[in-house]
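A.B. asks: My questions are about this predicted structure, shown below with the sequence.
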Amino acid sequence: MKILMTGGTGLIGEAFIKQFQEHQFTVLTRSISSQSAKLAVFNNNAAMPVKVDFIDTLEPLKNLDGFDAVINLAGEPIIDKRWSPKQKHIICQSRWSLTQQLVDLFTNSQTPPVVFLSGSAIGVYGDCGDQPVTEDSAVEGTDFASQLCRNWEQIALGAAPYTRVVLLRTGIVLAAHGGALGKMLLPFKCGLGGPIGGGKQFMSWIHYQDHINAMQFALLKSSISGAVNLVAPEAQTNSVFTQTLAKALNRLAVFPLPKKILQLLLGESACLLLDSQNIVPQKLMQSGFEFKFHRLKLALENLLKSPSV
């Protein structure tokens, strides 16, 4: 397939391109020169040449007639900086504006791509306690993350009259380098890890390999549309997660991070670590998708022994 991808140089986008070299990619990036160097590394390590072109703006595109699919993953990192009003604006516009540009291109196409995978996150559900949540559950969150994702999805659905839209409600992606796990490894390796807040909040996670495989599955399976929860079938409480990670590293997890300290450090964005979300990937399971890493222990052992991503 000929795929237009935004966010293709991030953790998930890069892994997807490396894994599925049968596709031909056009990747939107802010720095073409640095990504061309990265492409050279891809080619040297690949069994076959990676078909990737880079563009730094969508402006030359009048429509999407030359593409079979669009994958929209771009967005300012949500937790790297405190949520000042300015940073909130940057986070929102980096998602909303670009997604609207893509929807406009779908509208202008005579032969639009057959599928549009557009990013979102399980943050759309807000704090759900320990109640299991599926794609059929009501979206009732009122916090910033929920409103961000809800509007992001609504904009993406503007392409629904022209293509099959899949909303990728992503959980905590586990990879050895980058993402949430990458940030957690150093303190845990130093024996400084521990539960966050009360430790009872559910964390809905997914191994990066299952995530990109689920994207490929949704890309090709025409019966899948709408919201899709990209999480493993078994969410874990933060306490169980930290104990499992510590055990995989042969360390102890005895240094809790109190809720008030976390809120002092991160401000409003602390909710991303304190809210509880027991999310179920109902649509993937009902559609026949097979997870390689159902259990957290297996996922962590795989990543810590083979940190290829």
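C.D. replies: In hand now; what should we look at?
A.B. asks: For the residue nearest in space to the middle of the chain, list each beta-bridge partner.
C.D. replies: In the chain, the residue lying closest to the centroid (C-alpha atoms, centre = their mean) is Thr170, at 4.4 Å. Using DSSP bridges, the beta-bridge partners of Thr170 come out as Ala121, Leu230.
A.B. asks: quick one, what contacts it?
C.D. replies: Contacts for Thr170 (C-beta atoms under 8 Å, 6 or more residues apart in numbering) come out as Ile12, Gly119, Ser120, Ala121, Ile122, Ile206, His211, Leu230, Val231. Any C-beta I mention is one placed from the backbone N, CA and C, and that applies to glycine too.
A.B. asks: Let's see that with 7 Å instead.
C.D. replies: Applying C-beta atoms under 7 Å, 6 or more residues apart in numbering, we find Thr170 in contact with Gly119, Ala121, Ile122, His211, Leu230.
A.B. asks: Tell me the one among those residues nearest to Gln282.
C.D. replies: Set against Gln282, the nearest of the contacts of Thr170 by C-beta to C-beta is Leu230 (11.8 Å).
A.B. asks: Next, count neighbours for that closest one.
C.D. replies: 27 (other C-beta atoms under 10 Å).
A.B. asks: wait, it sits on Ile206?
C.D. replies: Yes: with contact defined as C-beta atoms under 7 Å, Leu230 reaches Ile206; the gap is 5.7 Å.
A.B. asks: Overlap in contacts, those two.
C.D. replies: Among the neighbours of Leu230, those also in contact with Ile206 (C-beta under 7 Å, 6+ apart) are Gly171.
A.B. asks: Checking Leu58 next. Helix, strand or coil?
C.D. replies: Following DSSP: H, G, I helix; E, B strand; the rest coil, Leu58 is assigned to coil.
A.B. asks: Without its sequence neighbours, what residue ends up closest to it?
C.D. replies: Excluding the flanking residues, the one nearest Leu58 by C-beta to C-beta, 6 or more residues apart in numbering is Gln101, at 5.3 Å.
A.B. asks: and that neighbour, that's in a strand?
C.D. replies: No: per three-state DSSP, Gln101 lies outside any strand segment and is helix.
A.B. asks: same question for the helix or strand Leu245 falls within, mean pLDDT?
C.D. replies: Leu245 is part of helix 238-248 when elements are defined by DSSP states H and E. The average pLDDT within helix 238-248 is 95.
A.B. asks: Show me what counts as buried in that helix.
C.D. replies: Asn238, Ser239, Val240, Phe241, Thr242, Gln243, Thr244, Leu245, Ala246, Ala248 (16 or more other C-beta atoms under 10 Å).
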